[in-house]
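Asker: quick one, fold the following:
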Amino acid sequence: FVGSARSCGSLAARIFAMAARALRPQAAARACRVGPCNFALSGQCRLADIEDLAFSHSGCPLRSQPQQAHSRGLCTESKVQIDPVDPGALLSLCAKKAAANTVSRVSQSVPPRPAPHRPLMEAPTVPSSSRRSGSPLRVPSAQPDTRYMMPLPSDVIRFNSPEGRRIFKDCVAEGGTEGSYYALADAFTTQEEAGSCGLGSLVMVLNSLLVDSGSQLFSYAPWRWYNEALLKNKSTFLGPDVHKRGVTIPQLARVAHDHHLQCSTILAGELHAPTADFAPAPKPQIGDIDTFRDDLKRVSFLTPEECSATARCGEHRMIAAFSRASMKQSGVGHFSPVGAYSPKHDMCLVMDVARFKYPSYWAPAEMLWDSMKEADMDTGLPRGYMMLKKACAHHSSHEHHQPHGHRLRSVASRRGG
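Answerer: Numbers count the residues shown, from 1 in each chain. Here you go, the predicted model:
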């Protein structure tokens, strides 16, 4: 076309309106409102605008060869030669498309549907330097598989529910929150990776016991505070992919020992595998449901000695290692701290560190114990729980908690030394 901007824009607008009506009738009105008619009214029109808008509304490019950069200039009142477009060819294409759409709709007897989305590779290549800043980018949408939490099974009670609050009030009245709950709640954290429940639980315990990490993190500098990155950096034996595969009970016991915690591990079943992986942490012991209930009381209630301000190193924490499948939950193995115990209801509070998946909940003590009996496929050992407390200067590094020795059986004595 050769002519002024106003006549060029007006003719281009008419051509584009006809194309829009033929190719996508239901979008014709919107196309004409936002299409080149706006440019025609302002006296300015680019063929690139017509091409881009025609492709975005119909998916059909108006030309088959890329144009030179100088031919995409803006039309002014002077006589300027712009990109040639054959109106006859365009109208012929529109008529063929309209006829095909009509035949298809009559044969299918269904309402018209928008044209299918075309992949990005079929779009004409337009240099980024010459594309309009306001033109939409045709990027294929991708919907990742995401989830938001999971419903708890009916056998457990959500902490933040009417029934859960009633149990909590009874637990407070009994004194079952004085031992660990408030300190753990003060340091409650969410595991940083999908497979880092063990390290996340240990971070929560270390910070609740006010253990000084002795190292500052670049993200917290100049403050010293525990997080999972610090544990992974100091415990190189865990390997670089620990955040994907997680840790085992022996590995977590070693990490706890390396970070100034006294640790005793109680397993919920017979041993059918060696326990050398626990070194230098003490070897595990074998417990039963009565041992478990006694240790729940130890971490939930304070003794008169522990009530004094000078006996902070006597506070205990518990990390449970259980099977989610046995708890009727989604997943396999899992670690989480236990924050409280109500003897009246015989239920313990699992402060789940995978808060993006499950909230904290009250679980029957026997149900949680039974979920520990399932063996870990990586170690062959049954699951169990860990009793942790802050190491004191006068304690030997090999000394560990042995509550209720008449019920616990030493692994060494069972294995003949």
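Asker: what residues of stretch 244-263 count as buried?
Answerer: Buried residues in stretch 244-263, counted by 16 or more other C-beta atoms under 10 Å: 246-257, 259-263. Every C-beta, even on glycine, is put in place using the N, C-alpha and C of the backbone.
Asker: cool, and stretch 363-374?
Answerer: Judged by neighbour count using 16+ other C-beta under 10 Å, the buried positions of stretch 363-374 are 363, 365, 367, 368, 369, 370, 371, 372, 373, 374.
Asker: from those, which two are the most distant?
Answerer: Taking C-beta to C-beta as the measure, the buried residues of stretch 363-374 span a maximum distance of 16.8 Å, between 365 and 374.
Asker: rewinding a little: restricted to strands, list the buried residues of stretch 363-374.
Answerer: Of these, the ones assigned to strands by DSSP state E are residue 363.
Asker: format the buried residues of stretch 363-374 as JSON lines; extra columns: distance to residue 173 and pLDDT.
Answerer: Compiled in JSON lines, the buried residues of stretch 363-374 are given as follows (distance: C-beta to C-beta, whole Å; pLDDT from 0 to 100):
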{"residue": "363", "distance to residue 173": "20", "pLDDT": "98"}
{"residue": "365", "distance to residue 173": "18", "pLDDT": "98"}
{"residue": "367", "distance to residue 173": "23", "pLDDT": "97"}
{"residue": "368", "distance to residue 173": "22", "pLDDT": "98"}
{"residue": "369", "distance to residue 173": "25", "pLDDT": "97"}
{"residue": "370", "distance to residue 173": "28", "pLDDT": "96"}
{"residue": "371", "distance to residue 173": "28", "pLDDT": "97"}
{"residue": "372", "distance to residue 173": "28", "pLDDT": "97"}
{"residue": "373", "distance to residue 173": "32", "pLDDT": "95"}
{"residue": "374", "distance to residue 173": "34", "pLDDT": "92"}
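Asker: out of the buried residues of stretch 363-374, which one sits closest to residue 335?
Answerer: Out of the buried residues of stretch 363-374, the member with the shortest distance to residue 335 (by C-beta to C-beta) is residue 372, at 11.2 Å.
Asker: ok, the closest one - contacts?
Answerer: Under the criterion of C-beta atoms under 8 Å, 6 or more residues apart in numbering, the contact list for residue 372 reads 267, 268, 269, 320, 321, 322, 323, 382, 383, 384, 385.
Asker: residues near the third one, how many?
Answerer: Here the count is done by other C-beta atoms under 10 Å, and residue 269 has 16 residues near it.
Asker: and the pLDDT for it?
Answerer: At residue 269, the model reports a pLDDT of 84.
Asker: what's the separation between it and residue 348?
Answerer: Remark: distance between residue 269 and residue 348 (C-beta to C-beta, to the nearest Å) = 19 Å.
Asker: next: the fourth one.
Answerer: Plainly put, residue 320 is 8 Å away from residue 348 if you go by C-beta to C-beta.
Asker: quick one: buried residues of stretch 266-275?
Answerer: Along stretch 266-275, these residues count as buried under the neighbour rule (16+ other C-beta under 10 Å): 266, 267, 268, 269, 271, 275.
Asker: kindly report the same for stretch 215-228.
Answerer: By neighbour count, with 16+ other C-beta under 10 Å as the criterion, the buried positions of stretch 215-228 are 217, 225, 226, 227, 228.
Asker: for the second one, what are its contacts?
Answerer: The contact partners of residue 225, taken as C-beta under 8 Å, 6+ apart, are 207, 213, 217.
Asker: picking that back up, among the buried residues of stretch 244-263, which lie within strands?
Answerer: Judged by DSSP E, the buried residues of stretch 244-263 include 261, 262, 263 as members of strands.
Asker: mind checking how far the last one is from residue 278?
Answerer: When C-beta to C-beta is the yardstick, residue 263 and residue 278 sit 9 Å from each other.
Asker: joint contacts of the two?
Answerer: Common neighbours of residue 263 and residue 278 (C-beta under 8 Å, 6+ apart) are residue 253.
Asker: would you say residue 338 is within a strand?
Answerer: Yes: remark: residue 338 belongs to a strand, assigned using DSSP: H, G, I helix; E, B strand; the rest coil.
Asker: so it bridges to which residues?
Answerer: According to DSSP bridges, residue 318, residue 350 are recorded as the beta-bridge partners of residue 338.
Asker: surely it touches residue 348?
Answerer: Yes: counting by C-beta atoms under 8 Å, residue 338 touches residue 348, with 5.2 Å between them.
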